[in-house]
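Model the following, please.
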Amino acid sequence: MYRNYYIGTSSLEEGVTIEECCIFRGSFVKLDAQTGAILWKTYMLPDNKGMKGEYAGAAIWGSSPSIDIYRKHIYIATGNLYSAPPNILECQERQNNQTTPIDQDACIEPENHSNSILALDLDNGNIKWYNQLGGYDVWFLACRDASTPNCPPLGPIQDADFGEEPMMLSIFLNGKKKDIVVAVQKSGFAWALDRDNGTLVWSTVAGPSGTAGGGIFGASTDEKRIYTNIANSDRRNFELLPSDMNTTTGGWVSMDASNGKILWSTANPGNSSAIGPVSVANDVVFVGSTDRLGHVYAINARNGKILWSYETGATVYG
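The predicted structure follows:
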């Protein structure tokens, strides 16, 4: 909250049948703190006029947005598409059939702000800048198997939402201060963007992707390092650094805030996913585990070593 309420919208449409999918468009809303009246509302996709078979999706969910009072920006991040127009589906079919690699996704139209980080104007909701960071990503539960009849073509990544909003911090590059935002995607990518214009400062593969992450529900920073969970919900191979050991559990990763270099990664000792948000204070990182005993861990922020743990008695998601 900053004088008013700022809220992203999401939907359960991602779980509907093929025949029912989809018309929802993600939006971000400013509400009057006294009356609840909508002061502005900004959609993340072109108007589909309530018709199926057009753009749908781009939900805004996972954690709270960041407000930059100096720039009068609010920074948000969005989810994947549930559906797209026929010309976009045909474009992706052509790309899937290409035998030579392409540098840029030709199937992303300028008003498609799915899988994006955006800066909105605090006063009127206008999009000041955006950076689309997921490429073509039409995905919903009924079509998670690409062979299912009547499903859209899958792209190179699937369900690569931003399940968290960007956080603000300042770093020093070549001796000069630079204000950035950072968010970690369910694809496992961490992205740092310039707060002024949205250009890429650095990106890092923090860990493996998954339908529940990758990064999800909120990273944290002490402005020296970025700390994120890697849920590893699909139990993929997860290389731990600097040890070069491997795990198929979830874990936690620290990156240098100035360049994204991975400093350490620590596996979840509970042999389970790591979905809850990450907090840091006084050089200690606090995290939660989805194991049945519900461990909370305190981790040394400098080297990734676990300092202590506590059993809450129930799975920790938040």
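
Residue 74 - how many residues pack around it?
The local packing of residue 74 (other CB atoms under 10 Å) involves 24 other residues. Glycine gets a C-beta too; all of them are placed from N, C-alpha and C.

measure it to residue 306 for me?
36 Å (CB to CB, to the nearest Å).

repeat for residue 285
10 Å.

overlap in contacts of these two?
Taking CB atoms under 8 Å, 6 or more residues apart in numbering as the criterion, residue 285 and residue 306 both touch 298-300.

are any of these buried, and which?
When those are checked for burial by 16 or more other CB atoms under 10 Å, the buried set is residue 299.

More neighbours: which of residue 285 and residue 306?
Shown here are residue 285 and residue 306; by other CB under 10 Å, residue 285 has more neighbours (25 against 17).

in which helix or strand would I find that one?
strand 284-288 (DSSP states H and E).

Now do the residue lying closest to residue 113 once chain neighbours are set aside, the pLDDT please.
Excluding the flanking residues, the one nearest residue 113 by CB to CB, 6 or more residues apart in numbering is residue 44, at 4.3 Å. pLDDT, residue 44: 98.

residues in contact with residue 44?
Residue 44 touches 25-28, 58, 60, 78, 113-114, 116, 118, counting by CB under 8 Å, 6+ apart.

switch the cut-off to 6 Å
26, 58, 78, 113 (CB atoms under 6 Å, 6 or more residues apart in numbering).

what's the neighbour count on residue 245?
For residue 245, using other CB under 10 Å, the count is 11.

Could I get the contacting residues of the nearest residue to residue 124 once chain neighbours are set aside?
With CB to CB, 6+ apart as the criterion, residue 124 has its nearest non-adjacent residue at 5.8 Å, and that residue is residue 40. For residue 40, the contacting residues are 30, 124-125, by CB under 6 Å, 6+ apart.

And residue 257, by the same measure?
Applying CB under 6 Å, 6+ apart, the residues contacting residue 257 are 171, 223-226.

repeat that for 10 Å
By CB atoms under 10 Å, 6 or more residues apart in numbering, residue 257 lies in contact with 169-172, 180, 182, 192, 202, 221-227.

cool, residue 265 as well?
So residue 265 contacts 206-207, 228, 230, 238-243, 245, 247, 251-255, 304 (CB under 10 Å, 6+ apart).

so where do the strands sit in the stretch 201-318 of the chain?
220-221, 225-230, 238-240, 245-247, 251-256, 262-267, 279-281, 284-288, 295-300, 306-311 (DSSP state E, counting those that start in this stretch).

possible to save the ones you listed as a markdown table with mean pLDDT and distance to residue 148?
Formatted as a markdown table, those follow (pLDDT from 0 to 100; distance: least, CB to CB, whole Å):
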| stretch | mean pLDDT | distance to residue 148 |
| --- | --- | --- |
| strand 220-221 | 98 | 38 |
| strand 225-230 | 98 | 29 |
| strand 238-240 | 96 | 29 |
| strand 245-247 | 96 | 32 |
| strand 251-256 | 99 | 32 |
| strand 262-267 | 98 | 34 |
| strand 279-281 | 98 | 40 |
| strand 284-288 | 98 | 34 |
| strand 295-300 | 98 | 37 |
| strand 306-311 | 98 | 41 |
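
With distance to residue 51 added, can I get the ones you listed in TSV?
Listed next are those as TSV, based on distance: least, CB to CB, whole Å:
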stretch	distance to residue 51
strand 220-221	41
strand 225-230	38
strand 238-240	41
strand 245-247	45
strand 251-256	42
strand 262-267	45
strand 279-281	43
strand 284-288	42
strand 295-300	47
strand 306-311	51
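
and among those strands, the most buried is which?
strand 225-230 (a mean of 29; mean count of other CB atoms under 10 Å).

for it, packing partners?
Contact analysis of strand 225-230 by 3 or more CB pairs under 10 Å, 6 or more residues apart in numbering; DSSP states H and E lists strand 176-184, strand 189-194, strand 220-221, strand 251-256, strand 262-267, strand 279-281, strand 284-288 as its packing neighbours.

Excluding covalently adjacent residues, which one is nearest to residue 262?
residue 241 (4.9 Å).

coming back round to it: counting contacts, what elements does the strand holding residue 285 pack onto?
Taking 3+ CB pairs under 10 Å, 6+ apart as the contact cut, strand 284-288 packs with strand 220-221, strand 225-230, strand 251-256, strand 279-281, strand 295-300, strand 306-311.

quick one, which of these is nearest to residue 161?
Residue 161 lies closest, by CB to CB, to one member of these: strand 225-230, at 14.6 Å.

Give me the angle between the closest one and strand 189-194.
150 degrees (axes from the mean of the first three to the mean of the last three CA atoms, to 10 degrees).

mind saving the C-alpha coords of strand 225-230 as CSV?
Below are the C-alpha coordinates for strand 225-230, written out as CSV (Å, rounded to 0.1, in the frame of the first residue of the first chain):
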residue,chain,number,x,y,z
ARG,A,225,23.3,-10.9,-2.7
ILE,A,226,20.0,-12.3,-4.1
TYR,A,227,18.5,-15.3,-2.3
THR,A,228,15.9,-17.5,-3.9
ASN,A,229,14.2,-20.8,-3.5
ILE,A,230,14.3,-23.4,-6.3
